[in-house]
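**Q** Dropping a prediction and its sequence here:
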Amino acid sequence: MRSSPFACLGVLLSGWLLWSSLACAAETGAATKPALPAHASTAAEPASASSAGTPAPPASAPGRVRVLNLSQLGVYGPMKLRGLDPTGVMSVDIRNDEVVTAARLTLNYSYSPALIYQLSHLKVYLNGELVATLPMSKDEADQRVTREIDLDPRLFTDFNRISVQMIAHYTLDHCEDPYHSSLWTDISQDSSLTLTTSDVALANNLALLPNPFFDRHDKRPVVVPFVLPVHADAQVMRAAGVVASWLGSLAAWRGERFPVLNAPPADQHAIAFALPNAQPEGVHLPEIKGPTVLVMANPASPPESGRKLLVVAGRDAKELQLAANALALGQAGMSGDSAIVHEVDLGAERKPYDAPNWVPTDRVVPFKELVTDPQQLEVTGFNPPTIRIDMMVPPDLFAWAHYTVPMDVRYRYTAPSSYNDSVLNVGINDQLLRSDRLKPLNKTGDETHLNVPLLSSTDVPSNEKVPLPGLRVAGNNQLQFQFHIDSQKTGLCVSAATDSARASIDPESTIDFSDFVHYAAMPNLTFFARSGFPFSRMADLADTALVIPDQPDAHEAEAALTLLGRLGGWSGLPALRVAVVPVSAVDSVGDRDLLVIGTGTGNDLLAKWGKSLPMLIQRSQTDLTLRDQHSEGWGWGDRLGGDQAQSVPVGRAVLSSNGPIAAFIGFESPLRGGRSVVALSGTSSAQLDSLLDVLEDNGKVPYVRGDLTVVRDKLVTGLRLGDTYYVGHLPWYAWIWVRISRYPVLMALAGILAGLFVALTVFWALSRLASRRIEG
């Protein structure tokens, strides 16, 4: 039956009328719905300070939920908004294999009770887009306020900036003073950002490396399981160690952990190592035709999860090592889902102390080499954030003739019109070095010498040589430059504040460690815990051997790989020339510094080396050296003060306990004098995890010191019990001076003898001159 055109037209018309009536009813209901305060909500609508169109709260969205506090968002301490600096900024990165599905910003803050609240509020921006306006009210001015703001996930990119701007007024007078103390808002450090993310499946493409196993946008510690064949030998462990140190060099300050499994994990990215006759469980590879690196979907995870398995394979141990070296050095040239390696050249042997993450000590170093972006040396605002420059120096630097580090600092700033309280505070490791007053603009000549295209024409250059106390320099250091540009206002309505204050540290500013020598008393576990010294002295670990038990279990293998990863993080290079040997072959690496996993057969090795060790941990008992710890200090002056400990009586104690215990033990190598040994020991291999936890905890690292650090539960105790030896080199005259300086009597006697020698020499020279005149 065929319908007429008029019938069809009637159906369309009736449908349009029905749609119009429904739309009208919806608009009427929305118009008659009572308005809610910004901080209130109904049962059907969650509280939100954002505008219309806000996405659902994170709790209802599927995916992974992560909560970031203010410090994890790049803010040091509470965020303080003031009249001259009303904006605070937070930053958050998103991994390449994740997408944000929901986000909620929770702000806990307090504000001034002296404001005009009809004109005052907070504005919240996400990547420059206004997402919320938070009104201020008199009723909440004397209490802590909490606001939850739902953020549109579509606004998130890989790098994101969340800013909070204070709009505040305390008077209706047109001469309102922006410097007034009543203009303030403090955002608490326990404010947080809750992110809900979903996984994105990346392609099986080696060109994406190091993603997804390491993502520079992820600020969390790098945790990547290593899938090894059952009973992996030292050769497989060495190949895995090179890859672990490569990931560690990328992780840098984030930290790393490499759990060891025999099969791929269910819901993680992982790295597997395979030989034709030793493949991990659950990994089925096609024929291995040579040194191979390939990426595939993790067979233990659902396909939609996007989890990847990176496989390093070879037909024998030599090819496996070749593939690992290629991954560490040449991943930039790989593409597709697999690559076969034909040749790898490790390059020329490296020189001591040339690690990329360390400040060079053989020349003057400009600041531009210590930062990744010159903009890190620039700030804006009247009370801008501190300029921070991180630097790592070799911990064995010894200033026998120079007690300061020359630092030539050049800086520019928006000059005040007259002398006021504008200052630059220079510090290191949160210790103040000096404070310089910022001078006003010198109209006679400073302006003609300016060449600052990014700054205003009223910037004043200044050049200061700042002596940096050598005893305040540790392995990990942070130079801090805090500018404060004071108000130029001289009276009410005299001038208005402008947002033009800028300051910068010149990238050509320099620091110079070249006058120092490398010489230190050992053992010193502080050096190891902070910078990996003495192993990191050679960036590629050419002088290091990792000694593992003959048949390492999962905990021992994890400890070995994590230590190599940490050494890579300290140096900035993969451990391409490290030696990995079982306990039974330790004599073959006697000419190297030894890093020993001292459980299992490693404990037998420590027992073999005898009673000279500070501590010997066995399953049934603990053998401990006794020495009075009050006779020596832990200050910087103790870096070479090993002789004082030699005079303290030494005893031994043998203890039996049923609780777990673990320890870092440092001592001179019994195989070769001048070489160092650091052993990780415990009552069982599971206790090695507690030692790795200590190295990852910045709050516990300072307690790792001396030649023995004992870890019991959460207690970390550093002791100095054993004998002292020295590493490095001093000129003969410096060696004599150092030795004599420890004994005041000898020092005084040497001064007298030196004075007599000079006096006699002068007397003899004058006598000869006089005799020649008489004879003439």
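**A** In hand now; what should we look at? Residues are numbered from 1 along each chain as shown.

**Q** By residue count, what's the longest strand in the chain?
**A** The strand spanning the most residues in the chain, taking DSSP state E as the definition, is strand 98-111.

**Q** which other helices and strands contact that strand?
**A** Counting contacts by 3 or more C-beta pairs under 8 Å, 6 or more residues apart in numbering; DSSP states H and E, strand 98-111 is packed against strand 121-126, strand 145-151, strand 159-167, strand 184-187, strand 192-199. Where C-beta positions appear, they are placed from N, C-alpha and C, glycine not excepted.

**Q** Parallel or antiparallel, list what pairs with it.
**A** Its sheet considered, strand 98-111 pairs with strand 145-151 (antiparallel), strand 184-187 (antiparallel), strand 192-199 (antiparallel) by DSSP bridges.

**Q** JSON lines please, covering these and showing mean pLDDT, distance to residue 418 and mean neighbour count.
**A** Below are the strands paired with strand 98-111 laid out as JSON lines (pLDDT from 0 to 100; distance: least, C-beta to C-beta, whole Å; neighbours: other C-beta atoms under 10 Å):
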{"stretch": "strand 145-151", "mean pLDDT": "96", "distance to residue 418": "40", "mean neighbour count": "21"}
{"stretch": "strand 184-187", "mean pLDDT": "95", "distance to residue 418": "26", "mean neighbour count": "20"}
{"stretch": "strand 192-199", "mean pLDDT": "95", "distance to residue 418": "43", "mean neighbour count": "20"}
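
**Q** export these to TSV and tack on distance to residue 64?
**A** Shown next, in TSV, are those (distance: least, C-beta to C-beta, whole Å):
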stretch	distance to residue 64
strand 145-151	17
strand 184-187	26
strand 192-199	5
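
**Q** what's the neighbour count on residue 478?
**A** Neighbourhood size, residue 478 [other C-beta atoms under 10 Å]: 14.

**Q** try residue 267
**A** Counted with other C-beta under 10 Å, residue 267 comes out at 11.

**Q** residue contacts, it?
**A** 301, 305, 307 (C-beta atoms under 8 Å, 6 or more residues apart in numbering).

**Q** What does the nearest residue in space to residue 600 that is not next to it in sequence show for phi and psi?
**A** Excluding the flanking residues, the one nearest residue 600 by C-beta to C-beta, 6 or more residues apart in numbering is residue 549, at 3.5 Å. Per-residue torsions, residue 549: phi -60, psi 160 (degrees, to the nearest 10).

**Q** tell me the contacts of residue 549?
**A** Contacts for residue 549 (C-beta under 8 Å, 6+ apart) come out as 556, 582, 583, 597, 599, 600, 601, 602.

**Q** quick one: which of those residues has the most company?
**A** residue 599 (29 neighbours).

**Q** Residue 204: neighbouring residues, count only.
**A** Residue 204 has 15 nearby residues by other C-beta under 10 Å.

**Q** Distance check, it against residue 189.
**A** 42 Å (C-beta to C-beta, to the nearest Å).

**Q** my read: residue 412 touches residue 509, true?
**A** No - using C-beta atoms under 8 Å, residue 412 is not in contact with residue 509, being 10.8 Å away.

**Q** which SS class is the residue nearest to the spatial centre of the chain?
**A** By C-alpha atoms, centre = their mean, the chain has its centre lying nearest to residue 253, at 2.4 Å. Classification of residue 253 using DSSP: H, G, I helix; E, B strand; the rest coil returns helix.

**Q** For residue 507, which non-adjacent residue is closest in space?
**A** Nearest residue to residue 507 in three dimensions, chain neighbours excluded: residue 368, at 3.6 Å (C-beta to C-beta, 6+ apart).

**Q** Name the SS class of the one you found, please.
**A** helix.

**Q** any idea how far it is from residue 511?
**A** Residue 368 is 12 Å from residue 511, where distance means C-beta to C-beta.

**Q** Between the two, point out the one with more neighbours.
**A** residue 511 (23 against 15).

**Q** does that one really touch residue 405, like I thought?
**A** Yes - the pair residue 511 / residue 405 is scored as a contact, 6.4 Å apart, by C-beta under 8 Å.

**Q** Pass me the low-pLDDT residue ranges in the protein, would you?
**A** 1-62, 400-403, 441-475, 487-499, 611, 619-621, 623-657, 741-742, 776 (pLDDT under 70).

**Q** could I get the helices and strands packed on strand 98-111 as TSV with distance to residue 690?
**A** Formatted as TSV, those follow (distance: least, C-beta to C-beta, whole Å):
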stretch	distance to residue 690
strand 121-126	41
strand 145-151	37
strand 159-167	36
strand 184-187	36
strand 192-199	29
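
**Q** Tell me the secondary structure at residue 406.
**A** Residue 406 ends up strand, using three-state DSSP.

**Q** Any figure for the gap between it and residue 433?
**A** To residue 433, residue 406 is 13 Å away according to C-beta to C-beta.

**Q** Please apply the same query to residue 346.
**A** For residue 346 relative to residue 433 (C-beta to C-beta), the value is 42 Å.

**Q** Between the two, point out the one with more neighbours.
**A** residue 433 (16 against 12).
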